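**Student:** fold the following.
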Amino acid sequence: MSDAPFLPLCTSGDGGVALPLHLVKVGDEATLAHLLGEHEAFLRQQGFEGRAGQFTFLPGGSGVAGAVFCVEEGRGPMPYGALPAHLKEGCWQPQPEGQEDAAHDAMLEELVLGFCLGAYDYSLKHEGGKDQKTGPKLCIPASLGREARILARAAWLGRDLINTPANLMGPAELATAARRMLEERKVAVELVEGEALEKAYPCLAAVGAGSDRPAVVVIGRRDGRSKDAPRLSLVGKGVCFDTGGYDIKPGSSMAKMKKDMGGAVLMLALACALLDAGTDIALEIRLGCVENSVSGHAMRPGDVLTTRRGLRVEVGNTDAEGRLVLADLLAEAAESQPDVLLDAATLTGAARVALGPDLPALFSNDEELADHILTSGREAHDPLWQLPLWADYDGWMDSSIADCNNLSSRPMAGAITAALFLQRFVPEGQRWAHVDTYAWNDTARPGRPAGGEVLALRALFRAFSESF
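**Tutor:** All right, here's what the predicted structure looks like:
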């Protein structure tokens, strides 16, 4: 897996003739009629009506003379993700019709991002897998679409990590991939393993104790360019496979558990995108790479763990392991007092019950920070939805023998109680946000191939590439 994934883009100097790809706004009937020309009646008989998302080739004397794609304004990049499946092999020159210069460049930015996201494919087939280098490409000047290219590369890398089967992507492999990606961006990286990990992150070590694949914590640090660069600390749950431990999952719930490192991947992809964009931030990142398995060494329901912060946690359920992974990492990350502490995890099924697969849940102890992230998500067409840190539910995590339990005593508000558990490890006054994500597309849609997904990447990139 390369850290420089092929993107389906070309320039005019790549050779060959680029066919025109006309991008027409829905409702611009005059432009559409002009483009369809003498073929308008025939194409309309074939069902082409100029609706949003409709596509047609333009016939020419020797075959295809071009193509038309109808777009609805304000829908963001994802509708363009349908184009790789429509277009024939070769280079295509985008031609936004009826656009002013600023709108033209904005449309191209969305086109590049959506097209690249839609062209992604993951396959380990010995034969017959799609060769992404032979499909259709967009002919785009190198000076355009810079941010889109950065985000597309980060998303492709993240999707690759999530999609890789767990036998090929365990804690060591995830840590190695993260180290390579960070070091290529001049980040100083430390890998914490063995006895050092057990001492520094006792809860994370307990989660990994049942696996014969040792846990690894990745720590990356890079100073900002300026002395007063804002300090951002990222924390990600990297459970490479989650059986549930002794509270074992049924087979249907275990099938997708290679994606349980989606939070770590989101934080890694975000770090890479911010650094590739030249964002002036002082960055720290911590990824807890671990496998939750079953053996004679695994943690048991009823065990009491002493956390890095000193709080003692009763293990009410071994399948609520993600919050144990994050607890020690959050406590350590807060010690450097960053301007913002951000964590991400595929933490609860309750968040999916409440919000479905497309909306990551956002929690924050700082309303200004939450509003900034939510606004960025709307602007980037990559929404999150805020849920409350409802203090009245905090007592549901009480334990009769320890400081708290990792499982709520009541079968409701599971995403909220999980976030409240994490908040115990964030010092008062520390600005903090928590993202509970799904990291998966159950079905394929334009720009969203089925499989691993780096949800909220664009939202968080926009939020933290600006002032925060």
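**Student:** using PDB, write down the CA coordinates of stretch 73-89.
**Tutor:** Only the C-alpha atoms of stretch 73-89 are listed here, as PDB (Å, rounded to 0.1, in the frame of the first residue of the first chain):
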ATOM      1  CA  GLU A  73     -26.100  23.500  -7.400                       C
ATOM      2  CA  GLY A  74     -25.300  23.300  -3.700                       C
ATOM      3  CA  ARG A  75     -25.000  19.500  -3.500                       C
ATOM      4  CA  GLY A  76     -21.300  19.300  -2.900                       C
ATOM      5  CA  PRO A  77     -18.800  16.900  -4.400                       C
ATOM      6  CA  MET A  78     -20.600  13.600  -4.000                       C
ATOM      7  CA  PRO A  79     -22.800  13.700  -7.100                       C
ATOM      8  CA  TYR A  80     -19.700  13.800  -9.200                       C
ATOM      9  CA  GLY A  81     -18.800  10.400  -7.800                       C
ATOM     10  CA  ALA A  82     -21.100   8.800 -10.300                       C
ATOM     11  CA  LEU A  83     -18.900   9.900 -13.200                       C
ATOM     12  CA  PRO A  84     -16.200   7.200 -13.100                       C
ATOM     13  CA  ALA A  85     -18.900   4.500 -13.700                       C
ATOM     14  CA  HIS A  86     -20.400   6.500 -16.600                       C
ATOM     15  CA  LEU A  87     -17.300   7.600 -18.500                       C
ATOM     16  CA  LYS A  88     -15.300   5.600 -21.000                       C
ATOM     17  CA  GLU A  89     -11.600   5.000 -20.600                       C
END
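**Student:** what's in contact with that stretch?
**Tutor:** If you take C-beta atoms under 8 Å, 6 or more residues apart in numbering as the criterion, stretch 73-89 is touched by 8, 21, 25-26, 52-53, 55, 57, 64, 67, 69, 71-72, 109-111, 113-115, 117-119, 134-136, 148, 380-382, 445-448. The C-beta positions use only the backbone N, C-alpha and C, and glycine is treated the same way.
**Student:** now list the buried members of those.
**Tutor:** Among those, those classed as buried by 16 or more other C-beta atoms under 10 Å are 8, 21, 25-26, 57, 67, 69, 71, 109-111, 113-115, 117-119, 135-136, 148, 380-382, 446-448.
**Student:** if we can go back for a sec, looking at the contacts of stretch 73-89, which are in strands?
**Tutor:** Of the positions in these, 21, 25, 55, 57, 64, 67, 69, 71, 136 sit in strands, assigned by DSSP state E.
**Student:** now for the helix or strand that residue 41 is a member of, which elements pack on it?
**Tutor:** Following DSSP states H and E, one finds residue 41 within helix 40-45. On a contact count with 3 or more C-beta pairs under 8 Å, 6 or more residues apart in numbering; DSSP states H and E, helix 40-45 meets helix 29-36.
**Student:** the same query, at a cut-off of 7 Å, please.
**Tutor:** Where contact means 3 or more C-beta pairs under 7 Å, 6 or more residues apart in numbering; DSSP states H and E, helix 40-45 is not packed against any helix or strand.
**Student:** buried ones in that helix?
**Tutor:** For helix 40-45, the neighbour count (16+ other C-beta under 10 Å) marks residue 43 as buried.
**Student:** alpha carbons only: can I get it in PDB?
**Tutor:** Taking Å, rounded to 0.1, in the frame of the first residue of the first chain, the C-alpha atoms of helix 40-45 are listed here in PDB:
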ATOM      1  CA  GLU A  40     -31.600  16.400 -28.800                       C
ATOM      2  CA  ALA A  41     -34.800  14.700 -29.900                       C
ATOM      3  CA  PHE A  42     -33.100  11.300 -30.000                       C
ATOM      4  CA  LEU A  43     -31.500  11.600 -26.600                       C
ATOM      5  CA  ARG A  44     -34.700  12.800 -25.000                       C
ATOM      6  CA  GLN A  45     -36.500   9.800 -26.500                       C
END
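**Student:** from the chain's centre, how far out does that helix sit?
**Tutor:** Averaged C-alpha coordinates place helix 40-45 at 41 Å from its chain's average position (C-alpha atoms, centre = their mean, to the nearest Å).
**Student:** contacts for that helix, please.
**Tutor:** Contact partners of helix 40-45, identified using C-beta atoms under 7 Å, 6 or more residues apart in numbering, comprise 33, 36, 56.
**Student:** hmm, the last one is touching residue 68, no?
**Tutor:** Yes: A contact is recorded between residue 56 and residue 68 when judged using C-beta atoms under 7 Å, the distance being 5.4 Å.
**Student:** list residues touching both of these two?
**Tutor:** Contacts common to residue 56 and residue 68, judged by C-beta under 7 Å, 6+ apart, are absent.
**Student:** need the nearest residue in space to residue 350, chain neighbours excluded.
**Tutor:** residue 414 (3.0 Å; C-beta to C-beta, 6 or more residues apart in numbering).
**Student:** ok, residues contacting stretch 394-408?
**Tutor:** Here stretch 394-408 makes contact (C-beta under 7 Å, 6+ apart) with 304, 311-317, 320, 323-324, 409-410, 414, 417, 420-421, 424.
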